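Participant: From the sequence below, what's the structure:
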Amino acid sequence: MDNLTQETLDLIKGSLGTPNDEIRKSISTATGLVAYDLQAPAKNLYPFVTPIRNRMPRVGGGTGTATNWRQVSAITGSGFDAMGWVPEGQRSGRMSYTTANKSATYVTIAEEDSITMEAINAAKNFEDLQASMTFRLLQKMMLKEEMAILAGNASILLGTPATPTVSAVTNANSTLPTATYKVKVVALTLEGYQNSSLAGGVAVTKTVTGADGKVFTLSGGSSNVSSESAGQAVTVSTTALGMSTTAIQGAVAYAWYVSSAGGTGDETLQLITTTNWAVLSTALTGSRQSATAITGDNSRNANYAYDGLLTTALASASGAYVKMMDTGTVGTGTTLTASGRGSVVEIDTMLQTMWDNYEVTPTVLYVNSQELKNITTKVLSNGSSPLLRYDMPGDGQNPYSLTASGVVSWYYNPFMIDGGVKIPIKLHPRVPAGTILGWAENLPVQYQSNEVPNVAEVKVRQDYYQIDWPVITRARDVGVYAEQVLAIYAPFALGVITNIANG
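Facilitator: Numbers count the residues shown, from 1 in each chain. Take a look at the predicted model:
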C-alpha cells in the first residue's frame, strides 16, 4: 500500500511538471472548478521598428576615445580653376587642397533589467523569463539606438525662442471663452518632442539612478522658455487665439503655454505642434505643466550623446540642404506645393539643389504618415493625371480592377549623371509630422566611393555585449551595452524640409 501511494504521488508530481499535460490549474467559478487555459509564452504586443539602424552600416575596429579621419573636400587648380591652358614650354602652377581634420567621440548606449528568483521560478513551464528578459532588453536597446542614429543631439543648443506673437483668428468652431490671453513658447528637438506630452509636460531634465547606485542627469531636449507675449483679448465666441514664434533651426516642434488670467508668469502647457505656430480654440485645460518649470536650455547632451542624421543636417553650416517652411498665415501655415507635373515643388527643389551644389541625391526619403498623405495629395492632381502611369499584371487577370487609397511609394529624381533614379518614400514612426528627411546612403561613383563607401556608418569600439552582473541578492541583473559613434562623412548628402503645415 505504501509503495502504491508513493508511486501515485510520483506520477502526480511528474504530470504537474510536464508542460503538455492535460491537468491544469483550476479556478473556482459559479459553475465550479474549471480548467485555466493559459497560452504560453507571453505575447509581445509592442512595436519594434528600427529601419535606419537596420540599414546603417556597422564597422568595427574602433579604438581610443574617438574615431578620426582626414577630409579632402576640394581640389583647386592653379590660375583659373576651370582652365588648364599652359604656354608652350612652360610649367603649370601648383594646385591646392581644402582639407580638415574630423573626429567623432565614442559614447556608450545601454539598457538594463532585473528579475527576481521568485519570478523565474513562478514562470516555469510558461516562459523562460531569463531568456525573454534578455530578448526584450536587446529590443529596447535597439529602439533607443534607432532614436540616437536619427535624432541624437550633442551639439545643437536651441537657446530661447523669440517672444510669441498673438492674434485673434476667426474660427467658426471656436469655444474659447472671452478673456485676455498671454503666451510663452518652448522649442523642442526631436528627442524633446518624443519625450514630451500634454499630460506629462515638456521634458526638461531627468536624474537617473543607475543599478550601481550612481546618479547622472540627462537633458530632455527642450529650449529655454520665451518671454511672455503681449495680452490678446478674445471677445467673440467665433474667435480663436493665434500664436506664432520665429522658427528655430534644430527644432521640430513647439510647446505653447497660455494664461487667461491676464497676469504674469502663470501660463500652463496647452498645445504641442510641429509648426512654429498654433491656434487655441477651446478652453484652457487645467492641471497642466506650468511655464515656470522651464528654467534653462536643456536641448542637448554634449557629454553623453552623438549627433544623429537629423541633428547633423540641421546643425549650422553643416552643408546639408535645409528648408524651413515659412510661417505663413497662422492657422494655415505653409504647406507643400503641387508642381502641376506630378511632383512636389519643395522636394524637387531639394533634389535639384543637392545635385547643383554637390552632385548627390538621396537614396531614401523618410516621412511621417501625415506627409505621406500630403505628398500623395499634391501629386495626384487633375493637372498631373496625364503623367501618371498605371501598371497592369501581365497575366491579364482582373484587367479593370483598381485599388483604392493608393499612396506615392517612390519619388523620381531626374538630377543624375546617367539618368534619373527612383527614391523610395518610407514611413518612419519617429519622424515627426511636418518634417521630411532625405538621406544618401552611398555617394555616387564620381566621389570614388571605394574610399568613402558610406555617407554615414556606426563605428563601434565594442558592439553589443551583455553583462550578467554578479548575484548579490536573490535576483538576476543583466545589462546590454554598446560603445559606438555615428560617423557622418558627408553631411551634404542629407536634406531636410521642416515646419511643413498639414494640407
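Participant: CA only for contacts and neighbour counts going forward, please
Facilitator: Will do.
Participant: Show the low-confidence segments of the chain, by residue range.
Facilitator: 1-31, 262-264, 382-405, 449-450 (pLDDT under 70).
Participant: For it, which segments count as helices?
Facilitator: Along the chain, the segments classed as helices by DSSP state H run 2-16, 51-55, 117-122, 129-151, 190-195, 309-314, 345-358, 369-379.
Participant: Provide a list of residues in contact with N173.
Facilitator: 238, 281 (Cα atoms under 8 Å, 6 or more residues apart in numbering).
Participant: follow-up on the earlier one: out of the helices of the chain, which is the most enclosed?
Facilitator: Highest mean neighbour count of those: helix 309-314, a mean of 26 (counted as mean count of other Cα atoms under 10 Å).
Participant: out of the helices of the chain, which comes closest to E267?
Facilitator: helix 190-195 (19.6 Å; Cα to Cα).
Participant: helices and strands around that closest one, which ones?
Facilitator: helix 129-151 (3 or more Cα pairs under 8 Å, 6 or more residues apart in numbering; DSSP states H and E).
Participant: Mind doing that once more with 6 Å?
Facilitator: When contacts are defined as 3 or more Cα pairs under 6 Å, 6 or more residues apart in numbering; DSSP states H and E, helix 190-195 packs onto no helix or strand at all.
Participant: Would you confirm that E267 contacts S259?
Facilitator: Yes - using Cα atoms under 6 Å, E267 is in contact with S259, at 4.3 Å.
Participant: Quick check: chain neighbours aside, which residue is closest to K373?
Facilitator: V407 (7.0 Å; Cα to Cα, 6 or more residues apart in numbering).
Participant: Quick check: the one you found touching I375?
Facilitator: No - taking Cα under 6 Å as the definition, V407 is not a contact partner of I375, at 8.4 Å.
Participant: Report how far apart the opening and closing residues of stretch 49-61 are.
Facilitator: 27 Å (Cα to Cα, to the nearest Å).
Participant: From T292, how far out is the residue nearest in space to the middle of the chain?
Facilitator: Centroid check for the chain by Cα atoms, centre = their mean gives R430 as the closest residue, at 3.6 Å. Separation of R430 from T292 (Cα to Cα) stands at 28 Å.
Participant: same thing with T170?
Facilitator: For T170, the distance to T292 - Cα to Cα - is 30 Å.
Participant: What is the neighbour count of V496?
Facilitator: Neighbour count for V496, taken as other Cα atoms under 10 Å: 22.
Participant: To clarify, my last question referred to L188.
Facilitator: L188 has 31 nearby residues by other Cα under 10 Å.
Participant: distance of the closest residue to T239 other than its chain neighbours from T268?
Facilitator: For T239, ignoring the flanking residues on the chain, the nearest one in space by Cα to Cα, 6+ apart is T170 at 4.7 Å. Distance of T170 to T268, given as Cα to Cα: 23 Å.
Participant: who has more neighbours, the two?
Facilitator: Using other Cα under 10 Å as the criterion, T170 and T268 rank with T268 on top: 24 against 16.
Participant: how much space between that one and A162?
Facilitator: Distance, T268 to A162, using Cα to Cα: 18 Å.
Participant: try Y304
Facilitator: Y304 is 28 Å from A162, by Cα to Cα.
Participant: Between the two, which has more neighbouring residues?
Facilitator: Neighbours were counted for Y304 and for A162 using other Cα under 10 Å; A162 has more, 20 against 17.
Participant: From L241, how far off is the more buried one?
Facilitator: For A162 relative to L241 (Cα to Cα), the value is 18 Å.
Participant: Tell me, how many residues neighbour the residue lying closest to A253 once chain neighbours are set aside?
Facilitator: Distances taken as Cα to Cα, 6+ apart place T274 nearest to A253, at 4.1 Å, with adjacent residues excluded. Residue crowding around T274 was assessed by other Cα under 10 Å; the count is 24.
Participant: Wait, T274 touches A255, no?
Facilitator: No - using Cα under 6 Å, T274 is not in contact with A255, being 9.0 Å away.
Participant: Tell me how far T312 lies from P424.
Facilitator: 22 Å.
Participant: same deal with A230?
Facilitator: A230 is 46 Å from P424, by Cα to Cα.
Participant: List the contacts of A320.
Facilitator: 313, 491-492, 494-495 (Cα atoms under 6 Å, 6 or more residues apart in numbering).
Participant: Out of those residues, which sit inside strands?
Facilitator: 494-495 (DSSP state E).
Participant: Among the contacts of A320, which one lies nearest to A82?
Facilitator: Using Cα to Cα, the contacts of A320 come closest to A82 at F492, 22.7 Å.
Participant: Identify the residues contacting the closest one.
Facilitator: 319-320.
Participant: Count the residues that sit near A203.
Facilitator: When neighbours are defined as other Cα under 10 Å, A203 has 24 of them.
Participant: Surely it is in contact with G220?
Facilitator: Yes - with contact defined as Cα under 6 Å, A203 reaches G220; the gap is 4.7 Å.
Participant: What separation do you get for V279 and A211?
Facilitator: With Cα to Cα as the criterion, V279 and A211 are 44 Å apart.
Participant: quick one, which of those two is more surrounded?
Facilitator: Neighbours were counted for V279 and for A211 using other Cα under 10 Å; V279 has more, 22 against 12.
Participant: Check the contact between the more buried one and G242; I expect there is one.
Facilitator: Yes - contact criterion Cα under 6 Å: V279 and G242 qualify, at 4.6 Å.
Participant: Residues that sit against both of those two, list them.
Facilitator: With the criterion set as Cα under 6 Å, 6+ apart, the contacts of V279 and G242 do not overlap.
Participant: Now do stretch 118-130: distance from first to last residue.
Facilitator: End-to-end distance (Cα to Cα), stretch 118-130: 12 Å.
Participant: about what we covered before: check contacts around the residue nearest to A253.
Facilitator: 252-253, 434.
Participant: If we use 8 Å, what do you get?
Facilitator: 252-254, 432-434, 499-500.
Participant: repeat for K422
Facilitator: 410-413.
Participant: same thing but at 10 Å, please
Facilitator: 362-364, 409-414 (Cα atoms under 10 Å, 6 or more residues apart in numbering).
Participant: Please name the nearest non-neighbouring residue to it.
Facilitator: K422's closest residue in space is Y412 (Cα to Cα, 6+ apart), at 4.4 Å.
Participant: How about stretch 470-486, which residues are buried there?
Facilitator: Buried residues in stretch 470-486, counting neighbours by 16 or more other Cα atoms under 10 Å, are found at 476-486.
Participant: out of those residues, who's nearest A317?
Facilitator: L486 (18.6 Å).
Participant: what is the nearest residue to the closest one once chain neighbours are set aside paired to in the beta sheet?
Facilitator: Counting by Cα to Cα, 6+ apart, the nearest residue to L486 once its immediate chain neighbours are dropped is V458, at 4.6 Å. Beta-bridge pairing for V458 (DSSP bridges): R58, L486.
Participant: V458 against V107, yeah?
Facilitator: No - the criterion here is Cα atoms under 10 Å, and V458 misses it with V107 at 11.4 Å.
Participant: which residues do those two both contact?
Facilitator: With Cα under 10 Å, 6+ apart as the test, V458 and V107 both reach 483-486.
Participant: Adding distance to T334, write the residues you listed out as CSV.
Facilitator: Converted to CSV, the shared contacts of V458 and V107 look like this (distance: Cα to Cα, whole Å):
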residue, distance to T334
E483, 41
Q484, 39
V485, 36
L486, 33
